[in-house]
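Participant: Just the structure for this:
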Amino acid sequence: MNETAERTEATAGQAQCSAHGARTVVSVAHDADEQARNLVGWRQTYDQLAAGRFVGTLTELPLDTMKVFRETTSHTLRQACEVRGDAWWFGIPVAREGEARIDAQAFGAQAFALRPGNVEFELLTPAQFSIYGVVVRGDVLRHYAATVERTALEERLTGAPVVQAAAACIERLCARLARCLDDGGQAHENVPVSPLSNVERNALQAEVLAALFDACAGLCEQLHVSRRTLQYCFQDVLGMAPATYLRALRLNGARRDLCGRAAGSVQDVAAAWGFWHLSQFATDYRRMFGMRPSEALRAVAMP
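Facilitator: A predicted model of the protein is given here:
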């Protein structure tokens, strides 16, 4: 899909939201790629870096000028992400036990991440990770900065991917986002939920914008991007050796091919990803994903 078609699709989605109101939608995924696909409006790929059955959840509230969501993931992931179009993504981690990294720069307590649209970035997230996300249209941010904050957007949102903020500002922002998702009304089986009215949606969006700018204004330090090189320390960042990391990426690539409609044999897929010993590939694959490669291939072949 080209950029024009993507923007048309996004506009159509916003129009539908305006016409029919908004409500919270909850998705559950049992595959890292499925988790990546559940978040609409992104170009992204998730690579699972630790062994075991993956579970991810996405609680999402689409509004007229922004999208608010909370994502939880069970396993260590490498995420290649890019928000589509003229927009900004803000990511506020919820789980403080493990530290996430954006473009190799750590962010955790008293910090949040942000990136503009059409700029690819890398996220490394630990096991049992949870993060709030807000994607806001660029024109809305610029208008709010000029008319409410009386400042240029660029003065608040610098090029740094991580912003340090006061603990109180982060707490207020997380509390507002939690209420936002709760106010949206989660859909439960056999329980009808009324979508938000125009007044309720406008109030939520205004409060979220105020909380975001409050956190940006409360920053005490800007951390700058560290230049990524092949020599940065894998063990400190990922807790694994470079060979283990590269094998995990190759296994994820093989899994995608096996789960694709045009997949060949297990041996062909293994060879394409540099696994020359089929029995070792099957062992490594099962250890990583909890099933044999042949089982993944059969699942696709089933009608």
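
Participant: okay, now Ile92: neighbour count?
Facilitator: Residues lying near Ile92 (other C-beta atoms under 10 Å) number 22. Yep, even glycine has a C-beta here, placed from its N, CA and C like the rest.

Participant: for Arg84, same thing?
Facilitator: 18.

Participant: Going forward, the N-terminal residue is numbered 503.
Facilitator: Done: numbering now begins at 503, and the last item shifts to Arg586.

Participant: Gly543 is in contact with that one, correct?
Facilitator: Yes: between Arg586 and Gly543 there is a contact under C-beta atoms under 8 Å: 5.5 Å.

Participant: which parts of stretch 663-671 are buried?
Facilitator: 663-667, 671 (16 or more other C-beta atoms under 10 Å).

Participant: Now, these that are in helices?
Facilitator: Cys671 (DSSP state H).

Participant: Count the neighbours of the closest residue to Gly558 other than its chain neighbours for me.
Facilitator: Spatial nearest neighbour of Gly558, excluding adjacent residues (C-beta to C-beta, 6 or more residues apart in numbering): Gln537 at 3.7 Å. Look at Gln537: counted by other C-beta under 10 Å, it has 26 neighbours.

Participant: hang on, Gln537 in a helix?
Facilitator: Yes: per DSSP: H, G, I helix; E, B strand; the rest coil, Gln537 lies within a helix segment.

Participant: if I pick it, what's in contact with it?
Facilitator: Taking C-beta atoms under 8 Å, 6 or more residues apart in numbering as the criterion, Gln537 is in contact with 531, 548, 556, 558, 560, 573, 575.

Participant: For Ser796, state which of the residues you listed is nearest.
Facilitator: Closest approach between these and Ser796, by C-beta to C-beta: Phe556, at 19.4 Å.

Participant: give the contact list for the nearest residue to Ala712 once chain neighbours are set aside.
Facilitator: Nearest residue to Ala712, sequence neighbours excluded (C-beta to C-beta, 6+ apart): Val650, at 7.8 Å. Each residue near Val650 by C-beta under 8 Å, 6+ apart is listed here: 711-712, 715.

Participant: could you dump those to JSON lines with pLDDT and neighbour count?
Facilitator: Formatted as JSON lines, those follow (pLDDT from 0 to 100; neighbours: other C-beta atoms under 10 Å):
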{"residue": "Leu711", "pLDDT": "88", "neighbour count": "21"}
{"residue": "Ala712", "pLDDT": "85", "neighbour count": "16"}
{"residue": "Phe715", "pLDDT": "83", "neighbour count": "20"}
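
Participant: In strands, which of the contacts of Gln537 fall?
Facilitator: 531, 548, 558, 560, 573, 575 (DSSP state E).

Participant: who's the fifth one bridged to?
Facilitator: It stands for Glu573. For Glu573, the beta-bridge partners are Leu560, Ile633 (DSSP bridges).

Participant: Make sure it is actually in contact with Leu625.
Facilitator: No: taking contacts as C-beta under 8 Å, Glu573 lies outside contact range of Leu625: 10.6 Å.

Participant: Which ones among the contacts of Val650 lie within helices?
Facilitator: 711-712, 715.

Participant: what's the closest non-adjacent residue to Ala531?
Facilitator: Using C-beta to C-beta, 6+ apart, the nearest residue to Ala531 is Gln537, at 4.0 Å.

Participant: can you pull the buried residues of the helix or strand hosting Ala773?
Facilitator: Per DSSP states H and E: Ala773 is located in helix 768-774. Residues 768, 771-772 are the ones in helix 768-774 that count as buried (16+ other C-beta under 10 Å).

Participant: could you redo these as a markdown table and give each row pLDDT?
Facilitator: Listed next are those as a markdown table, based on pLDDT from 0 to 100:
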| residue | pLDDT |
| --- | --- |
| Val768 | 89 |
| Val771 | 89 |
| Ala772 | 88 |
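
Participant: closest to Ser699 among those residues?
Facilitator: So of the buried residues of helix 768-774, ranked by how close each gets to Ser699 (C-beta to C-beta), first place is Val771, at 50.8 Å.

Participant: Now do the helices in the stretch 503-652 of the chain.
Facilitator: With DSSP state H, counting those that start in this stretch as the criterion, the stretch 503-652 of the chain has helices at 505-522, 534-540, 640-649.

Participant: contact partners of the next helix or strand after the last one?
Facilitator: Using DSSP H and E, the next helix or strand after helix 640-649 towards the C-terminus is helix 655-658. For helix 655-658, the surrounding residues in contact (C-beta under 8 Å, 6+ apart) are 643-644, 647-648, 651, 715, 718-719.
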